[in-house]
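>>> After the sequence you'll find the predicted model.
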Amino acid sequence: MAEHPNDLRYTNDHEWLRPEGDAWRIGITQFAANQLGDVVMVELPNEGDLVTKGQEFGTIESVKAVSELFAPVSGRVSAVNKALEGEPELVNTDSYGEGWLITIQPTDKGELEELMDAAAYDQLVKEA
């Protein structure tokens, strides 16, 4: 059984992506949230911004470090989780739910197939 949700796709950088109709929701995995420690601030792009697969789209700051966030796919930001402005700890407490980061309208739906499924991500984490 997978340790991470089966309905998501994953990156080597510990971001997850969930297709939701025409849009794709993006966040960081619980593994990444645990490694970061207590999240104190999240900087995200604005709605309407373009993000490019593999490129930085924001940062996440914890009591331990500041980490870059990398886009798992390319697209236009259609929503930003405004709740994180006042409650960045949602990334720690509910990384696959209320702690999501952005939603994008993808520009290349084929990029989804390049991401790992839960079993492959589980293996990556076990090797870390």
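Looks like it came in fine. Treat the numbers as computed from the prediction; the structure is a model and nothing was measured. Numbers count the residues shown, from 1 in each chain.
>>> Can you tell me the SS state at residue 99?
Under DSSP: H, G, I helix; E, B strand; the rest coil, the three-state class of residue 99 is coil.
>>> which ones are touching it?
By Cβ atoms under 8 Å, 6 or more residues apart in numbering, the residues touching residue 99 are 27-28, 33, 81, 84, 90-93. No exception for glycine: its C-beta is placed from N, CA and C like everyone else's.
>>> pLDDT value on residue 109, please?
With respect to pLDDT, residue 109 has a value of 89.
>>> Can you pull out the low-pLDDT segments for the chain?
For the chain, the stretches flagged by pLDDT under 70 are 1-2.
>>> Spell out the residue ranges of the strands in it.
Secondary structure of the chain, counting by DSSP state E: strands at 9-10, 15-20, 23-28, 39-43, 50-51, 56-62, 66-70, 75-80, 102-106.
>>> Once you drop chain neighbours, what's closest to residue 54?
residue 70 (6.0 Å; Cβ to Cβ, 6 or more residues apart in numbering).
>>> what separates residue 122 from residue 50, distance-wise?
31 Å (Cβ to Cβ, to the nearest Å).
>>> just residue 25 next, same as before
Distance, residue 25 to residue 50, using Cβ to Cβ: 17 Å.
>>> neighbour-wise, which of the two wins?
Set residue 25 next to residue 50 and count neighbours by other Cβ atoms under 10 Å: residue 25 wins out with 19 against 15.
>>> Wait, the more buried one touches residue 98, no?
No: shown here, residue 25 and residue 98 do not form a contact pair, counting by Cβ atoms under 8 Å, at 11.5 Å.
>>> I'd like to know which of the contacts of residue 99 are part of helices.
33, 84, 90-93 (DSSP state H).
>>> just to revisit the earlier point, any of the contacts of residue 99 buried? List them.
With neighbours counted by 16 or more other Cβ atoms under 10 Å, the contacts of residue 99 contain buried members at 27-28, 33, 81, 84, 90-92.
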